[in-house]
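Q: coordinates for the following, if possible.
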Amino acid sequence: MLNQLIRAFVVAAGCFVLTQCAGSGRMGTGNMGGPTMEERNAKVANEATGDFYYGRRYYVEKTRFWGYLKKPRQPWSKAKLVIFREDRMKSPDRLPEAGPPGQRYAFDNNYEYRIRGHYTGNEAYDPNSNQFLQEFMLTGYEVVDRNPGWLFRPDDRYEKTRITVYPR
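A: Alright, predicted model coming up:
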């Protein structure tokens with residue numbers, strides 16, 4: 001009887017540990033969906049080029065960074081997390097944080113944009129993520145894709161309350 005209880009406990013503990021792996025973002029599939037690795041690599045290799053950046057909006061509650069920027073045809077693993085300087089133009093989602101659904105700050109999480117502007121050479125501090133990030137002067141943008149899927153790897157897991165998507 002005692003052996004059966006110990007065996008049942010070990011099996012239950014093992015199942016618990018295994019189910020936690022999928023939620024950590026380190027194993028299993030991600031929750032952002034999207035293309036295969038080969039499809040993403042082909043898309044990046046065939047991106048239009050020009051005097052702009054590709055940007056992916058990345059929203060995490062209470063942070064003030066905008067998202068990731070990269071040069072055309074550069075892999076997303078080279079993207080930089082930036083804070084927009086909005087002296088010349090407001091970011092695409094510059095709306096009230098408590099507005100109606102679809103019309104509030106960060107409605108565009110994970111949208112892909114063509115971003116125009118330049119790095120200012122300054123860093124800006126985001127106190128809620130405790131990071132010094134490059135400042136980017138935004139001068140224009142256009143939506144490229146409203147549902148591009150994962151950003152860095154197919155197993156990316158998005159959580160809106162903490163940073164979980166980062167280059168690797």
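
Q: could you use CA atoms for every contact and neighbour count after this?
A: Fine.

Q: would you map the strands across this protein?
A: For the chain, the strands defined by DSSP state E cover 53-57, 67-70, 80-85, 112-126, 131-145.

Q: deepest of the ones you listed, which one?
A: Comparing the strands of the chain by mean neighbour count (mean count of other CA atoms under 10 Å), strand 53-57 ranks first with a mean of 25.

Q: what angle separates it from strand 80-85?
A: 90 degrees (axes from the mean of the first three to the mean of the last three CA atoms, to 10 degrees).

Q: low-confidence regions, this structure specifically.
A: Within the chain, the ranges that satisfy pLDDT under 70 run 1-28.

Q: kindly recompute the last result at 90.
A: 1-30, 92-106, 168 (pLDDT under 90).

Q: ok, and the closest non-adjacent residue to the residue nearest the centre of the chain?
A: Nearest to the mean C-alpha position of the chain, counting by CA atoms, centre = their mean, stands residue 58 at 4.1 Å. Distance criterion CA to CA, 6 or more residues apart in numbering; nearest residue to residue 58, sequence neighbours excluded, is residue 67 at 4.4 Å.

Q: that neighbour contacts residue 54, correct?
A: No. Using CA atoms under 8 Å, residue 67 is not in contact with residue 54, being 10.5 Å away.

Q: what count of nearby residues applies to residue 90?
A: 16 (other CA atoms under 10 Å).
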